[in-house]
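>>> Below are the sequence and a predicted model for it; my questions follow.
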Amino acid sequence: MYEGSGQTIHDLSGKGNNGVLGSTAGVDANDPTWIKGFLFGSALRFDGNDFVRIPASGSTLAPKDLTVSAWIRGTAGGQYNYIISKGANGCQTSSYALYTDYWGALRFYVQDTDGVTRLSGSAVPAGVFNGKWHHVAGTYDGTTVKLFVDGKLIPLSATDPVPPAGPGSIDYNNSTTSNAALGDFMGTCDLFYTGDIDEVAVFKEALPIDRYYAALSLLFPKPLR
Ligand SMILES: [Ca+2]
């Protein structure tokens, strides 16, 4: 996010997935605030009732396999705070989302066409929401959901639901909206995120985030080490 001002975030990939700050194209109470970015330019601060809406046009952000990647900074995870979401079904699920769970831990999930929410492992709040920037990424290769924090895979714990062993298709047939959002779940309820977000990207394959982060650390040693 390089804009630093205004009401639009632009899709640098050229796919036209631009986002609108807040509830209207003008200045409104749901606009996040522009702040200095982590690596480059600017970032956005969400104060607990802010969001960016990305209309379901452009490339629709609905790939079969995917990576969702961002830099985030916050001081408290909170319960059910949506950082990045694609689509919404009632007050239940998105097609995929980076969010915090009941315990305030960071997770990634995809909702499959069998109605199963395929959850990643969970990153405890103290390791993510500690006032520092962290790279977070969720991937799905058609079978397995993974969450990475600062390039490290967050494994499933013994208490996590056992994910389906076989492949599954992401359900993009949303009952409430197919819009994507930053900082909110935009279904029949709002589930807001409090914190900062920068450099959001969605890729149509499950990237090897551990290797990506290692390469990034060589390019930008100071902020990342
Ligand atoms: Ca606005």
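Thanks, I have it. All values derive from a computational prediction rather than experimental measurement.
>>> Please compute how far the strand or helix carrying Arg118 lies from its chain's middle.
Assigned by DSSP states H and E, Arg118 falls within strand 117-119. Offset of strand 117-119 from its chain centre (C-alpha atoms, centre = their mean, to the nearest Å): 15 Å.
>>> Name every strand pairing with that strand and say which way it goes.
strand 106-111 (antiparallel) (DSSP bridges).
>>> Buried residues of the strand it pairs with, list them for me.
Going by neighbour count (16 or more other C-beta atoms under 10 Å), the buried part of strand 106-111 is 106-111. (Each C-beta comes from the backbone N, C-alpha and C, glycine too.)
>>> and what of stretch 51-69?
For stretch 51-69, burial by neighbour count (16+ other C-beta under 10 Å) applies to 51-54, 56, 60-63, 65-69.
>>> Using CSV, list the CA coordinates for it.
Taking Å, rounded to 0.1, in the frame of the first residue of the first chain, the C-alpha atoms of stretch 51-69 are listed here in CSV:
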residue,chain,number,x,y,z
PHE,A,51,-12.5,-1.8,6.9
VAL,A,52,-11.5,-1.8,3.3
ARG,A,53,-14.0,-3.4,0.9
ILE,A,54,-12.7,-5.1,-2.3
PRO,A,55,-15.6,-5.6,-4.6
ALA,A,56,-15.9,-9.0,-6.3
SER,A,57,-14.8,-7.8,-9.7
GLY,A,58,-11.4,-7.8,-11.2
SER,A,59,-10.0,-11.4,-11.0
THR,A,60,-12.5,-12.0,-8.1
LEU,A,61,-9.7,-13.3,-5.8
ALA,A,62,-11.2,-16.8,-6.0
PRO,A,63,-8.4,-19.2,-7.0
LYS,A,64,-8.5,-23.0,-6.5
ASP,A,65,-5.2,-23.0,-4.6
LEU,A,66,-3.9,-19.8,-2.9
THR,A,67,-1.5,-17.9,-0.7
VAL,A,68,-2.8,-14.9,1.4
SER,A,69,0.1,-12.8,2.7
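>>> Is it in proximity to the ion?
No - on the criterion C-beta under 5 Å from the ion, stretch 51-69 is out of touch with the ion, staying 9.1 Å away.
>>> What's the mean pLDDT across that stretch?
Averaged over stretch 51-69, pLDDT sits at 88.
>>> Stretch 128-135 now?
For stretch 128-135, mean pLDDT rounds to 95.
>>> just stretch 82-102 next, same as before
97.
>>> Let's see the distance spanning that stretch from one end to the other.
12 Å (C-alpha to C-alpha, to the nearest Å).
>>> and which of the buried residues of strand 106-111 is nearest to Ile197?
Nearest to Ile197 among the buried residues of strand 106-111: Leu106, at 12.9 Å, using C-beta to C-beta.
>>> wait, what's in contact with the closest residue to the closest one other than its chain neighbours?
Nearest non-adjacent residue to Leu106, counting by C-beta to C-beta, 6 or more residues apart in numbering: Ala123, 4.3 Å away. Shown in contact with Ala123 (C-beta atoms under 8 Å, 6 or more residues apart in numbering): 105-107, 136, 147, 149, 154.
>>> any idea how far Ala123 is from the ion?
31 Å (C-beta to the ion, to the nearest Å).
>>> Please report how far that residue lies from Gly37.
Here Ala123 is placed at a distance of 22 Å from Gly37 (C-beta to C-beta, to the nearest Å).
>>> One more: Asn30?
Using C-beta to C-beta, Asn30 is found at 21 Å from Gly37.
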